[in-house]
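Undergrad: Sequence plus the predicted model coming up.
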Amino acid sequence: MGVEGLTLVGARGAPVVEPFAARHLIAGAWQGSADGATFERLSPAHGVLVTRAAKGGAAETEAAIAAARAAFDDGRWSERSGKERATLLLRVADLIDRERERIARIETLEAGKPIAQARAEIEGAADLWRYAAALARTVAGDSHNSLGPDMLGLVLKEPIGVVSIICPWNFPFLIASQKLPFALAAGCAAVVKPSEMTPSTTVILGELLVEAGLPAGVVNIVLGYGQPVGAIMTTDPRVDMVTFTGSTAVGKGIVAAAAPTLKKVSLELGGKNPQVLFPDADLDAAVDAIVFGVYFNAGECCNSGSRIIVHEDIAEAVTERVVALSRKVTFGDPLDEATKVGAIVSPEHRAKIDAYVRGAVAAGAILRLGGAPLEVPGLGGQFYQPTVVAGVTPDMAIAREEVFGPVLSVLTFRTMEEAIALTNAAAYGLSAGVWSANVHTCLEFARRARAGTVWTNSWMDGFAEMPFGGMKESGQGRELGRYGLEEFLEVKTVQMRIGRTRAPWVAPSAAG
Ligand code: NDP
């Protein structure tokens, strides 16, 4: 279905694609599945076959875990110096730069995201490998020299061990790079499972790790589905930690699955992230950030600014301006440099987005723009219209749940208390933003918002140095920054007696 007044980028012709043959990387060897099973990925925008991948089962997953366990336990990576680890991570970053175009194109074809954005993501990922390399040389604990003259205390930081890394489809290469280089910097071994919708770029990363000289077995990649691959990665006793990005429902399941073996679990889950606008805000900047926040990556983004909470005095003016600017956002062929919003990842996901919008309208919300699947000339209908839903009340599902599409909910407030209450009403707590010219307003909001990240007069900036993660049902643990490294480190206490000064517990001369 089309809609009047949108800015569409039609197909530039069917892309010529040589399907990528993706295989598992286990103990340093590229291999298919023992039973020969495969699965295919078609480009959601173009409908062409992009990838034919080996479909892992229990045999491949268990072999990958065994390889990681052996690699960790014999110290082939965990006992290397920080300098050696850093040198290899830097080499990987350079190789990512070299392969940027190839990775970006496959990412675009598999995920449906615009090519310009895919390139920026690959650049950002290379930066994370460089940052993690710097951290690799800073792994250090504490010393306690004030425990008394006969005692010295050491706190050692050690790699946690074998880590299962389970990634989603929305930023496949970037999210893998928010986890893997930090795990490697710490000295861990890993088994990585990309989403079955976006397997190829993780396989290319595996190729680059091999080329960079990472010892066999330190990183293993198993392709396939949550069942059985992901499930085994979260239950096998040889795994010490699971780090997962994806839906809150699967995240909760992983916590339960990991409980019998008490694995550490780090989770980056969903969000229902508000931008709060006070009347003294710079509305030009705020409206642009709202449009960016909701349509970036077609809204398939844990940090999507999927709801705005606007002061009543400016709500109508802001909504009108957001609608007008939304019409100028280029939706269409992800391979076109001009496109800002590409395809929705799957028909099932598009149906889920649509169901949220229909549910809101049925509950009394008002469609100000869009609200239906979108036909792009020459590409079919695997897209969704830019959608603005006003008159949303806090009880509606669209105000509380993660839509993960290009859909903005508009809510209103009168006082700071109301704005904070609406912000914190969601079960999620990933990120939040505040727009005001008054620094006191911004700071009060930042301190009272229950969110892992708060932006003031900005949206979705991210830096390798700054930790990222969620409160409440948005997750546990942090990625990036020093905290991103700490997640993969165990703490060991060493207490050393100096001299033989300890008074005996039992006196040797005691009668008895
Ligand atoms: P999922 O959470 O289902 O998938 C994320 C990853 O977990 C995939 O690799 C998936 O495998 C794997 N997985 C699935 N089930 C299990 C399991 N039982 N044990 C271990 N791993 C498992 O996300 P979806 O792709 O289904 O997306 C659904 C919703 O999740 C979206 O609509 C969105 O709301 C949210 N989401 C949030 C993301 C975020 O960044 N926070 C990212 C992606 C989704 P596979 O899919 O290959 O079977």
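TA: Arrived safely.
Undergrad: what residue is smack in the middle of the chain?
TA: Residue closest to the mean C-alpha point of the chain, counted by CA atoms, centre = their mean, is residue 175 at 4.5 Å.
Undergrad: Which element, helix or strand, includes that one?
TA: Assigned by DSSP states H and E, residue 175 belongs to helix 172-186.
Undergrad: Direction included, what does the helix or strand following that helix pair up with?
TA: Reading on from helix 172-186 to the C-terminus, the next helix or strand found by DSSP H and E is strand 189-193. Strands adjacent to strand 189-193 in the sheet, as given by DSSP bridges, are strand 162-166 (parallel), strand 219-221 (parallel).
Undergrad: close to the ligand, is the helix or strand that comes right after strand 189-193?
TA: Toward the C-terminal end, the helix or strand that comes next after strand 189-193 (DSSP H and E) is helix 200-212. No - contact between helix 200-212 and the ligand is absent, the nearest approach being 10.1 Å (criterion: CB under 6 Å from any ligand atom). (Glycine included, C-beta is placed from N, CA and C.)
Undergrad: What is helix 200-212 packed up against?
TA: Contact partners of helix 200-212 among helices and strands, from 3 or more CB pairs under 8 Å, 6 or more residues apart in numbering; DSSP states H and E: strand 20-22, strand 24-26, strand 49-54, helix 82-98, helix 100-111, helix 172-186, strand 219-221.
Undergrad: chain center to the helix holding residue 175: distance?
TA: Its chain's C-alpha centre lies 10 Å from the corresponding centre of helix 172-186 when counted by CA atoms, centre = their mean, to the nearest Å.
Undergrad: what residue ranges in the stretch 1-150 of the chain are flagged as low confidence?
TA: Applying pLDDT under 70 to the stretch 1-150 of the chain picks out residues 1-3.
Undergrad: what about the protein, any weak spots by pLDDT?
TA: For the chain, counting by pLDDT under 70, the residues that fall below are 1-3, 510-512.
Undergrad: residues from it in reach of the ligand?
TA: If contact is defined as CB under 6 Å from any ligand atom, the residues of the chain in contact with the ligand are 166-170, 193, 195-196, 225-226, 230-231, 234, 245-247, 250, 253-254, 268-270, 302, 349, 402, 404.
Undergrad: what about burial for those residues, which qualify?
TA: Buried members of the residues of the chain next to the ligand, counted by 16 or more other CB atoms under 10 Å: 166-170, 193, 195-196, 226, 230-231, 234, 245-246, 250, 253-254, 268-270, 302, 349, 402, 404.
Undergrad: In strands, which of those fall?
TA: In strands, defined here by DSSP state E, the members of these are 166, 193, 245, 268.
Undergrad: Pick out the most distant pair among the residues you listed.
TA: Checking those against each other with CB to CB, the farthest-apart pair comes out as 193 and 268, at 15.1 Å.
Undergrad: quick one: buried residues of stretch 432-448?
TA: Applying a neighbour-count criterion of 16+ other CB under 10 Å, one finds 432-436, 441-442, 444-446, 448 buried in stretch 432-448.
Undergrad: Tell me the secondary structure at the residue in the stretch 1-150 of the chain that the ligand sits nearest to.
TA: When scored by CB to the nearest ligand atom, the stretch 1-150 of the chain has residue 39 as its residue closest to the ligand, at 9.3 Å. In three-state terms, and counting by DSSP: H, G, I helix; E, B strand; the rest coil, residue 39 is strand.
Undergrad: number of nearby residues for it?
TA: 17 (other CB atoms under 10 Å).
Undergrad: I'd assumed residue 325 was in a helix, is it?
TA: Yes - according to three-state DSSP, residue 325 belongs to a helix.
Undergrad: residues touching it, list them.
TA: Taking CB atoms under 8 Å, 6 or more residues apart in numbering as the contact definition, residue 325 lies against 287-288, 291.
Undergrad: and residue 482, what element?
TA: Since the elements are taken from DSSP H and E, residue 482 ends up inside helix 481-486.
Undergrad: C-terminal to that helix, what's the next element?
TA: Read in the C-terminal direction, the helix or strand following helix 481-486 is strand 489-497, with elements assigned using DSSP H and E.
Undergrad: Can you mark which positions in that next one are buried?
TA: Residues residue 489 are the ones in strand 489-497 that count as buried (16+ other CB under 10 Å).
Undergrad: so what strands line up beside it?
TA: Each strand pairing with strand 489-497, determined using DSSP bridges, is listed with its direction: strand 151-159 (antiparallel).
Undergrad: List the buried residues for the partner strand?
TA: Taking 16+ other CB under 10 Å as the criterion, strand 151-159 shows 151-152, 157-159 as buried.
Undergrad: Closest to the ligand out of those?
TA: When these are compared for distance to the ligand (CB to the nearest ligand atom), residue 159 comes out closest, at 22.5 Å.
Undergrad: coming back round to it: filter the contacts of residue 325 down to just the buried residues.
TA: If we count by 16+ other CB under 10 Å, the contacts of residue 325 have these buried: 287, 291.
Undergrad: So which of the contacts of residue 325 belong to helices?
TA: Secondary structure from DSSP state H places 287-288, 291 of those in helices.
Undergrad: Turn these into a markdown table, including distance to residue 89.
TA: Conversion of the ones in helices among the contacts of residue 325 to a markdown table gives the following (distance: CB to CB, whole Å):
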| residue | distance to residue 89 |
| --- | --- |
| 287 | 40 |
| 288 | 36 |
| 291 | 36 |
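Undergrad: and which of those is nearest to the ligand?
TA: Proximity of the ones in helices among the contacts of residue 325 to the ligand (CB to the nearest ligand atom) peaks at residue 291, which lies at 20.4 Å.
Undergrad: Nearest residue to the closest one in space, please, no chain neighbours.
TA: Here the nearest residue to residue 291 in space, its sequence neighbours aside, is residue 325; by CB to CB, 6 or more residues apart in numbering that works out to 4.8 Å.
Undergrad: Check residue 192 too.
TA: Leaving aside its chain neighbours, residue 192 sits nearest to residue 165 (4.5 Å; criterion: CB to CB, 6+ apart).
Undergrad: Pairing partners for that neighbour in the sheet, please.
TA: Per DSSP bridges, the residues bridged to residue 165 are residue 192, residue 243.
Undergrad: contacting residues for it?
TA: Contact criterion CB under 8 Å, 6+ apart gives 176, 179-180, 183, 190-193, 243 as the residues in contact with residue 165.
Undergrad: The nearest residue to residue 340 once chain neighbours are set aside: neighbouring residues, count only.
TA: Counting by CB to CB, 6+ apart, residue 330 is the residue found nearest to residue 340 once chain neighbours are left out, at 4.8 Å. The number of residues packed near residue 330 is 18, by other CB under 10 Å.
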